[in-house]
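K.L.:
here is my input; please provide its structure:
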Amino acid sequence: MTPELTILTLAALLQCLQFCAYSIMANRQVSRRIALGPRDEPVLLTGVAGRLKRAMENHFEGLALFTIACIVVTLGGQSTTLTQICAWIYLGARIAYVPAYAFGLSPWRSVIWAAGFFATLIMLIAALT
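P.N.:
Below you'll find the predicted structure:
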């Protein structure tokens, strides 16, 4: 397995951890009836629970592009030191993004997001060369 695929797997595990953190905080905020119910009406989460939900959703979006980058690099035989460093940067940025978002660290949340996005972009461009 290429380092990029290993890091992709770690990023997926991070997504699982984010889901657990969000679920725990959300369940603390809403009643058991709402948590176990069909949620036909949207539930508005506030504070840390709401921010953890948005951070998790943002990671789903970023993970889609990162997955493409990892697959293209791997299947194209384009794994290099650069793509491996970019993959680690992406993972590090996603790890840092969770507390930055949860605690409302502005503008650092956006700077961290940009690091992960541009690392993914560089991987995609590197796969074409």
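K.L.:
quick one: contacts of the helix or strand of the chain with the lowest mean pLDDT?
P.N.:
Across the helices and strands of the chain, the lowest-confidence element by mean pLDDT, DSSP states H and E is helix 32-36, at a mean of 73. By CB atoms under 8 Å, 6 or more residues apart in numbering, the residues outside helix 32-36 that reach it are 26, 27, 43. Where you see a C-beta, it was placed from the backbone N, CA and C, and this is true even at glycine.
K.L.:
next helix or strand past it?
P.N.:
helix 47-75 (DSSP states H and E).
K.L.:
remind me which residues of this structure are low pLDDT?
P.N.:
Under the criterion pLDDT under 70, no range of the chain is flagged.
K.L.:
tell me the centre residue of it?
P.N.:
Centroid check for the chain by CA atoms, centre = their mean gives residue 59 as the closest residue, at 2.6 Å.
K.L.:
where's residue 9 relative to residue 114, distance?
P.N.:
Noted for residue 9: a distance of 24 Å to residue 114, by CB to CB, to the nearest Å.
K.L.:
hang on, the earlier thing: please list all residues in contact with the residue nearest to the centre of the chain.
P.N.:
Neighbours of residue 59 in contact, by CB under 8 Å, 6+ apart: 11, 14, 15, 18, 94, 97.
K.L.:
next: residue 55.
P.N.:
18, 22, 97, 98, 101, 102.
K.L.:
how about 10 Å then?
P.N.:
Counting by CB atoms under 10 Å, 6 or more residues apart in numbering, residue 55 touches 18, 21, 22, 94, 97, 98, 99, 100, 101, 102, 109, 113.
K.L.:
distance of the last one relative to residue 22?
P.N.:
Going from residue 113 to residue 22 by CB to CB gives 17 Å.
K.L.:
these two: which is more packed in?
P.N.:
Counted by other CB atoms under 10 Å, residue 113 and residue 22 do not tie: residue 22 has more neighbours, with 23 against 19.
K.L.:
all set now, cheers.
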